[in-house]
Structure formats: structure tokens, C-alpha cells
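# okay, predicted coordinates and the sequence, questions at the end:
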Amino acid sequence: MIVKHLWKLLCHKWFVFVEACKLGVPWLGFIHDASKFQLCELLPYARYFYGTSSPNEREHGVDFDMAWNHHQKCNKHHWQYWVLINDRSDPQISALPMPERYILEMMADWQGAGRAYGSSDSIGWYEGTKDKQIMHPDTRKRVEELLYANA
């Protein structure tokens, strides 16, 4: 279970590194997803993707949710990292602008994930998920420029 997960993770990291080099951020490609080697992420991810629990248990597993939340909050290439939940008297959610280097790493991540997991259609994936993504307007504009530039 862990070996299968580590192999897939290393494949993903390789493809992200290749894409990050193309986008001019090789260092970010090299250190990409380092938190996935921490036990708080490694074990829940391995159980979720390669474990023996039923799909229903995996979908709603608190361990995986905790690991995914940790991953998003520790990695600036995730749009979720840049979502601010204000805790004032009138709580609201807003998005902070992502710096260019992390937008580029996010693009490399999407491309690398597609190559590692068998689908290189980043545009189709984005189109299907963009309404759920909370992004600053400047970030969204840049993401779409990058995505559609070579379409």
C-alpha cells in the first residue's frame, strides 16, 4: 500500500518537475509536495488511495480530510492556501492574490497530475471545477491566460 503510493507520488513529482522547468520555476518543481512525505499526509493518502477500506469509508474518512487540509494549508501552490476566512463579527470568505511563482507551480501541478494519473486535459478539468475554486480575480485571470494560451 505505501510502496504503491510512494511510486505514484514520485511519478507525480517527476512530471510536475518537468512542467515546472518548462514554466521557469524548477526549484518549486523540485520541492513540490514535500509535505506529502510527512506521516500526517503519507499514511492517510496511502490508505485512501490504496487501502482496503470501502469506497464509502474512503470518501468520508476524517484521516484523509485532515491530511488534505494539512496539505492545502502547507503548500502555496494550492488556491485553498490563499482563501481567507475572516472571523470578524460578519464572517466572510475571500481570496487573496496568488504570487506568480505559485500560480506557475499550480499549473505545473495540474499538468503533472494529469500526466501521472492518465489524463492531460487540464482545461477540461479546470472547466469542470472552476466554479468551486475560490480565487482572487487577478489569479483567475492569470490562470486562464496560462491555460488557454496554448489551446
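Thanks, I have the structure now. Computed from a predicted model, the values in this text were never measured in an experiment.

# output the lowest mean pLDDT helix or strand found in this structure.
Sorting the helices and strands of the chain by mean pLDDT, DSSP states H and E puts helix 55-59 at the bottom, at a mean of 55.

# right, and the helix or strand after that helix?
Using DSSP states H and E, the next helix or strand after helix 55-59 towards the C-terminus is helix 62-74.

# that following helix: which residues count as buried?
Applying a neighbour-count criterion of 16 or more other Cβ atoms under 10 Å, one finds Asp63, Phe64, Ala67, Trp68, His70, His71, Gln72, Cys74 buried in helix 62-74. C-beta: built from backbone N, CA, C; applies to glycine.

# these two touch, right, the last one and Ser35?
Yes - here Cys74 lies in contact with Ser35, judged by Cβ atoms under 8 Å, at a distance of 4.5 Å.

# using JSON lines, lay out the buried residues of helix 62-74 together with distance to Val83 and pLDDT.
Converted to JSON lines, the buried residues of helix 62-74 look like this (distance: Cβ to Cβ, whole Å; pLDDT from 0 to 100):
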{"residue": "Asp63", "distance to Val83": "22", "pLDDT": "88"}
{"residue": "Phe64", "distance to Val83": "20", "pLDDT": "90"}
{"residue": "Ala67", "distance to Val83": "18", "pLDDT": "95"}
{"residue": "Trp68", "distance to Val83": "14", "pLDDT": "95"}
{"residue": "His70", "distance to Val83": "15", "pLDDT": "97"}
{"residue": "His71", "distance to Val83": "14", "pLDDT": "97"}
{"residue": "Gln72", "distance to Val83": "9", "pLDDT": "97"}
{"residue": "Cys74", "distance to Val83": "14", "pLDDT": "97"}
